[in-house]
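Asks: Take this sequence and fold it.
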Amino acid sequence: MNQQDNRFLYPVLGVIFFSIWMAYLESAVVVYLRELYYPEGFSFPIRFIPTRIALIELGREAATIFMLLSIAFLVGRKAWTRLAYFMLAFGVWDVWYYLWLKVFLNWPESLVTWDLLFLIPVPWAGPVLAPLIVALSLVGAALLILRLEHKGYAFRLTKGEWFTLVAAALIIFLSFVLEAPQILRNAVPTTYHWELLVLGELLGGTVLLRAVRRIVK
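Replies: Numbers count the residues shown, from 1 in each chain. Model prediction:
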């Protein structure tokens, strides 16, 4: 392996290593919360926790995102590489979060087990498989962008591609929050809109591949 390859590989491995152990920390906190509020095992409907603890939990979720952004800004040198490192960190963290929970709690029982994903700005929920698909997509896209940048290509999106990418992200976000009213009414979420996830993934993947073809040519 030559020095040029090392300059690509070492930062990527560093971000992956950081994200794996950050996921350990995150999953450990969830283990403690479940021991306190779901000693018999997590399930819907959710139990509303005291306001002070809920605010701390919201802060913890925000802190998680800020930590992932921080490592991306430390390692990346340009806007697109920083975004790509954030995508890589987020994706690896999310995958390993569930792997650690499986180790600690033997949970989830299956890939279609429902989970409460985030609380900001409203509760996100869905089968575990859904966020894992998004996480793996982020990892793949991030590695592709970083590899292009490493080879000297300047990754860019046109205005139309930006619009489509933002639309894809919003569609995927919508797939996770449509059941928020049910959750806030202390009911059990029943329907995950896989069609929205598939549509968002297809749009995002199409934009990425189209941009790569244009840039390489």
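Asks: Relative to N186, how far out is the nearest residue to H193 once chain neighbours are set aside?
Replies: Distances taken as Cβ to Cβ, 6 or more residues apart in numbering put S175 closest to H193, at 4.8 Å, once the chain neighbours are dropped. To be clear about C-beta, it is placed using only N, CA and C from the backbone, and glycine gets the same treatment. With distances taken as Cβ to Cβ, to the nearest Å, S175 is found 22 Å from N186.
Asks: ok, and the closest non-adjacent residue to Q182?
Replies: With Cβ to Cβ, 6+ apart as the criterion, Q182 has its nearest non-adjacent residue at 5.1 Å, and that residue is P189.
Asks: for F44, what are its contacts?
Replies: In this structure, F44 makes contact with W114, L116, A125, I183, A187, V188, P189, judged by Cβ atoms under 8 Å, 6 or more residues apart in numbering.
Asks: element containing it, please.
Replies: Assessed by DSSP states H and E, F44 sits outside every helix and strand.
Asks: buried sites along the one helix or strand in the chain whose mean pLDDT sits lowest?
Replies: The helix or strand with the lowest mean pLDDT-type score in the chain, counting by mean pLDDT, DSSP states H and E, is helix 3-37 (a mean of 90). By neighbour count, with 16 or more other Cβ atoms under 10 Å as the criterion, the buried positions of helix 3-37 are 8, 11-12, 15-16, 18-20, 22-24, 26-27, 30, 34.
Asks: thinking again about what came up before, my guess is the residue nearest to Q182 meets F176, correct?
Replies: No: here P189 lies out of contact with F176, judged by Cβ atoms under 8 Å, at a distance of 10.2 Å.
Asks: who touches both of those two?
Replies: Overlap between the neighbourhoods of P189 and F176 consists of A125, taking contacts as Cβ under 8 Å, 6+ apart.
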